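A.B. asks: sequence below, structure please.
(chains A and B)
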Amino acid sequence: MSELTFEEKMKELEELIKKLESGDNSLDESVKLYKKGITLAKECHQELEEAEKAILELRTENGLEEFNK
Amino acid sequence: MEQIYLTVTALNRYLKHRFDHDENLQTILLKAEISNFKRHSRGHLYLTLKDDNSQVSAIMFASNTRSLNFNPKDGDKVIIEGNVSVYEPYGTYQIYINKMDLDGVGNLYLAYEKLKAKLEEIGMFKEDHKIPIPKYPKVIGVVTSPTGAAIRDIINIINIRYPLVKIIVYPAFVQGVNAKESIANQINLANKDKLVDVLIIGRGGGSIEDLWGFNEEVVAKSIYASKIPVISAVGHETDFTISDFVSDLRASTPSHAAELAVPSKKDIYKLLDNSLRRMEVLLNQYIESKAKHFNQIIENNYFKNPGKIFENKKLSMIYLEERLNAYQPRKQIENYKNTIFNNNRRLKQGIVSVLTENRSKFIRLNEKLDLVNPLSIMKKGYTIVRQDDEIKNSVKDISLDRELIVSFYDGELDCNPLKKRVRK
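C.D. replies: Numbers count the residues shown, from 1 in each chain, chains lettered A, B, ... in the order given. Sure, this is the predicted structure:
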């Protein structure tokens, strides 16, 4: 999996589609964009599926502490 | 013993004295409802203060009305500070009001309206100061009570919608006297920490007094100063606080704030599905269009028959030549020449016909003239007779004593007349 954050992946996916829409790419580039797009979309999907609960923290005078609710 | 009778004036003066020297009556705090409210032309206010069972008249002098921050009217519930004294001429006692405020909720509402107007005036609610909320936040800060209903609702919604985030709770008192400082400090702390992408501040529903911390200026100022976008979520849908206006986004409830702070899993799945489908369509379209273009090139007539290129060029050249010829100057000059030649010819023909006509006319006239020419008549034997240089055409005019000249067509003859015979 790439090191990008979820937000960065979503953004890249969006830009990649825009590029495909422009039609200014060679055949080779277009296929590459398509493959990359599929990978990104799958990664995002997987990341969302695997996340179960948000991590909770409490800001105290000592910094961040675990917070259970 | 004689009885002592007081005058009315003395009685009233005495009572006034007693009132004015009773410490309990010097500063009284009173809670009441206004009725019979009248504003005197000099600015004094006359009113009756009442509760369910009793009433008392009151006056507020114009000099004290300057501190009023509302327009009193009948039915207003008020709290009053003043003193009680007797008005001697009428023998009535009344309350002299120093300070008057709307009671409880009324007063809070007033303060709220006042602060709202003030902050709006200095531009703290302006749209162009508002920071957009990030679409996919990584860390969400929540300034609220860690034990309240609000944080529980927020966590629940976020776990359902977008559990990818981390939530950092900035614990604050959300009601009571410490609330305003507590809320403001935690907003400032979150800004110092710089750990969160968006900040939710708020609490669950309660009375207007419970929510009051979010109507305080110090809280408004820390929201305004925040570099982190702030979502304000105080109470219920119908509760509006100063925080709501200053913040970058207003949520009607804490749950709603969580919905505004994060995208939903469901929507993202849908978006990803659409993206996949879109990419497939785009790639297919791309390949199809390239294939079509290739076929067009292959199938092109020129490609099949290169001579066609020249044929067309030739045709257009001929066409151009024709057009050029039509506009050539030499051709135009020739045209003009032709016109001039034709005109010339027509002119000459005209002159010749005039001349011929005139000549035949001349000949005819000449012949006529010949007929009357005296010489031609004289040739036939006629002569002309003159005497004294005058032509004589009667014998009667001739004198016998002088010479005559007889003109023939070929000469003249001098004669002397002998005798004359006049025909009768």
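
A.B. asks: so the residue of chain A found nearest chain B: helix, strand or coil?
C.D. replies: Residue nearest to chain B within chain A: residue A:7 (3.7 Å; C-beta to the nearest C-beta). In short, each C-beta sits where N, CA and C put it, glycine included. Of the three states, residue A:7 takes helix under DSSP: H, G, I helix; E, B strand; the rest coil.

A.B. asks: again with residue B:168
C.D. replies: strand.

A.B. asks: before we move on, the earlier item: which residue sits closest to the residue of chain A closest to chain B, ignoring its sequence neighbours?
C.D. replies: Nearest non-adjacent residue to residue A:7, counting by C-beta to C-beta, 6 or more residues apart in numbering or on different chains: residue B:136, 3.7 Å away.

A.B. asks: can you list the residues of chain A near chain B?
C.D. replies: Within chain A, the positions near chain B by C-beta under 8 Å from any C-beta of the partner chain are A:5-7, A:10, A:13-14, A:16-17, A:20-21, A:23, A:25, A:27, A:30-31, A:33-34, A:37-38, A:41, A:44-45, A:47-48, A:51-60, A:64, A:67, A:69.

A.B. asks: show me those residues that map onto strands.
C.D. replies: A:55, A:56, A:57, A:58, A:59, A:60, A:64 (DSSP state E).

A.B. asks: who does the last one form a beta bridge with?
C.D. replies: It stands for residue A:64. residue A:59 (DSSP bridges).

A.B. asks: now do the buried residues in the host helix or strand of residue B:323.
C.D. replies: Under the criterion of DSSP states H and E, residue B:323 resides in helix B:307-326. Within helix B:307-326, not a single residue qualifies as buried, counting by 16 or more other C-beta atoms under 10 Å in any protein chain shown.

A.B. asks: distance from that helix to the middle of the chain?
C.D. replies: Offset of helix B:307-326 from its chain centre (C-alpha atoms, centre = their mean, to the nearest Å): 54 Å.

A.B. asks: just stretch A:59-69 next, same as before
C.D. replies: 28 Å.

A.B. asks: can you dump the C-alpha atoms of that stretch in CSV for me?
C.D. replies: Only the C-alpha atoms of stretch A:59-69 are listed here, as CSV (Å, rounded to 0.1, in the frame of the first residue of the first chain):
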residue,chain,number,x,y,z
ARG,A,59,-6.3,16.4,26.0
THR,A,60,-5.1,16.8,29.6
GLU,A,61,-2.5,19.0,31.2
ASN,A,62,0.0,16.2,30.6
GLY,A,63,-0.8,16.0,26.9
LEU,A,64,-2.8,13.3,25.1
GLU,A,65,-4.3,10.4,27.0
GLU,A,66,-6.4,7.5,25.9
PHE,A,67,-10.0,8.3,26.2
ASN,A,68,-12.7,5.6,26.7
LYS,A,69,-16.2,6.3,26.3
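
A.B. asks: mean confidence for it?
C.D. replies: Mean pLDDT, stretch A:59-69: 87.

A.B. asks: now do stretch B:157-165: everything it contacts.
C.D. replies: A:6, A:47-48, A:51-55, B:137-140, B:167, B:255, B:258-259, B:261-265, B:268 (C-beta atoms under 8 Å, 6 or more residues apart in numbering or on different chains).

A.B. asks: helices along chain A, start to end?
C.D. replies: Under the criterion DSSP state H, helices of chain A are mapped to A:6-22, A:27-50.

A.B. asks: check the residue in the stretch 1-150 of chain B that chain A sits nearest to and give its pLDDT.
C.D. replies: Nearest residue of the stretch 1-150 of chain B to chain A (C-beta to the nearest C-beta) works out as residue B:136 at 3.7 Å. Looking at residue B:136, its pLDDT is 93.

A.B. asks: and for it, the neighbour number?
C.D. replies: Counted with other C-beta atoms under 10 Å in any protein chain shown, the neighbours of residue B:136 add up to 19.

A.B. asks: list the contacts of it.
C.D. replies: With contact taken as C-beta under 8 Å, 6+ apart, residue B:136 is in contact with A:5, A:6, A:7, A:10, B:263.
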